[in-house]
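In: what follows is a protein structure lacking sequence information:
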């Protein structure tokens, strides 16, 4: 399978799922993120051969960024381009924080992804997001725990906490944003 | 945490993606920046005499600032979205500046030899770029705030585009208070003010647009 075909297959499979996900289909969103995570892992693995321990951390950081920035995807553009532009941005940011300018060169760019070994498992990060979650301000943590871990709807979470629905949504977004910031500061 | 668990968490109750995010961030930023710039120009420097609006001078400035602001707004919106092609709006913004520079140069043909320098310098060439820069600051702050809510992957370029947009807004505001009428003056000193705002934006971009 050529590099272009692999990329086209990824895009073709993802595009309809992603459109449903963006419209609010939770199952489609979960499946999109799974496919994206696998793609990110192979994209980043080739570029992080000197930092293999941090691969899954960066996969997770990128997924968090994708989620927070999902409103910036233009439906007219391929999802894969958007995903990989964000992954590259996160990678460059990591190298910059590591002070490794030479790593910005991309000698492996032309390599076929399918030539790389597939991810054996879904991967576990060294960094524990649950611990970082505990360090969030109480209202943000509570909104995230209720809706995104216990799975309450926004309306149920609003009822449970006495906050308005829009306040819950704002707390979840701010909490995840702060979480992403913590993740970035930590690495 | 397993990546699978993170995916579950992100997807759960995620709802639909926010729509028209760039427009929702940029509209209040630019409108607010323009309002503050215009207010500051009228309050601190004062409006030009109404009779001047019969001359082409002010309208050249409004057309320049308006066209450049539109191109730069398009450019900023593109740079706020990962993988969105930004070359076309950048070229359009450059083309607007080139047209004005050519127009300014051409207008000097009609000026007698000995008066060209005096025409270009006018009587306010020192304050003009500084005023444009100062009046662009609210729009610059607003546009950088808007970009922080988007996802610029080229922070320096995004900062430059934000600065050019803010500079155009500042130029528009200053045109309400500026009595210089020569197209060559506008071409040189307005452009200098906008370029200064662009440089400030490009300097701030990598510092403020990290994510």
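Out: Looks like it arrived, so ask away. Just so it is clear, the structure is predicted and the values come from calculations on it, not from any experiment.
In: find the nearest non-adjacent residue to residue A:153, please.
Out: Using CB to CB, 6 or more residues apart in numbering or on different chains and skipping residues adjacent in sequence, the residue nearest residue A:153 is residue B:13, 6.2 Å away. Any C-beta I mention is one placed from the backbone N, CA and C, and that applies to glycine too.
In: against residue A:150, how distant is the one you found?
Out: Distance, residue B:13 to residue A:150, using CB to CB, to the nearest Å: 10 Å.
In: ok so, going back, the residue nearest to residue A:153 contacts residue A:148, doesn't it?
Out: Yes: in this structure, residue B:13 is within contact of residue A:148 by CB atoms under 8 Å, at 6.2 Å.
In: next, the contact list for the residue nearest in space to the middle of chain B, please.
Out: Geometric centre of chain B, nearest residue: residue B:165, 2.0 Å, by CA atoms, centre = their mean. Residue B:165 sits next to B:30, B:69, B:72, B:73, B:75, B:76, B:139, B:143 when contact means CB atoms under 8 Å, 6 or more residues apart in numbering or on different chains.
In: how many neighbours does residue B:146 have?
Out: Using other CB atoms under 10 Å in any protein chain shown, residue B:146 has 25 neighbouring residues.
In: swap in residue A:171?
Out: Neighbour count of residue A:171, defined by other CB under 10 Å: 24.
In: any idea how far it is from residue A:142?
Out: Taken as CB to CB, the span from residue A:171 to residue A:142 is 8 Å.
In: likewise for residue B:105?
Out: As defined by CB to CB, residue B:105 lies at a distance of 64 Å from residue A:142.
In: how about the contacts made by residue B:196?
Out: Going by CB under 8 Å, 6+ apart, the list of residues near residue B:196 reads B:129, B:132, B:133, B:167.
In: of these, which belong to helices?
Out: The members of these that map onto helices under DSSP state H are B:129, B:132, B:133, B:167.
In: now render the residues you listed as a markdown table, adding neighbour count and pLDDT.
Out: Formatted as a markdown table, the ones in helices among the contacts of residue B:196 follow (neighbours: other CB atoms under 10 Å in any protein chain shown; pLDDT from 0 to 100):
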| residue | neighbour count | pLDDT |
| --- | --- | --- |
| B:129 | 24 | 95 |
| B:132 | 32 | 97 |
| B:133 | 25 | 97 |
| B:167 | 33 | 98 |
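In: could you find the closest non-adjacent residue to residue B:180?
Out: Closest to residue B:180 by CB to CB, 6+ apart is residue B:122, at 4.4 Å.
In: so which of residue B:105 and residue A:142 has more stuff around it?
Out: Legend: neighbour count by other CB under 10 Å for residue B:105 and residue A:142, higher for residue A:142 (19 against 14).
In: quick one, phi/psi of the more buried one?
Out: Dihedral angles of residue A:142 (phi, psi; degrees, to the nearest 10) stand at phi -60, psi -40.
In: show the pLDDT at it.
Out: Residue A:142 carries a pLDDT value of 91.
In: contacting residues for the nearest residue to it once chain neighbours are set aside?
Out: The shortest distance from residue A:142 to any non-neighbouring residue, by CB to CB, 6+ apart, is to residue A:161 (6.3 Å). Counting by CB under 8 Å, 6+ apart, residue A:161 makes contact with A:142, A:143, A:146, A:168.
In: count the neighbours of residue B:210 for me.
Out: Using other CB under 10 Å, residue B:210 has 14 other residues around it.
In: residue A:146 too?
Out: Using other CB under 10 Å, residue A:146 has 22 neighbouring residues.
In: so how far is chain B from the residue nearest to residue A:47 when sequence neighbours are not counted?
Out: In this structure, residue A:47 finds its nearest non-sequential neighbour in residue A:91, 5.9 Å apart by CB to CB, 6+ apart. Note on residue A:91: its distance to chain B, by CB to the nearest CB, to the nearest Å, is 11 Å.
In: state the pLDDT value of residue A:91.
Out: Predicted confidence (pLDDT) for residue A:91: 92.
In: contacts only, for the nearest residue to residue B:45 once chain neighbours are set aside.
Out: With sequence-adjacent residues excluded and distances taken as CB to CB, 6+ apart, residue B:45 is closest to residue B:177, at 3.8 Å. Contacts for residue B:177 (CB under 8 Å, 6+ apart) come out as B:41, B:42, B:45, B:46, B:47, B:48, B:131.
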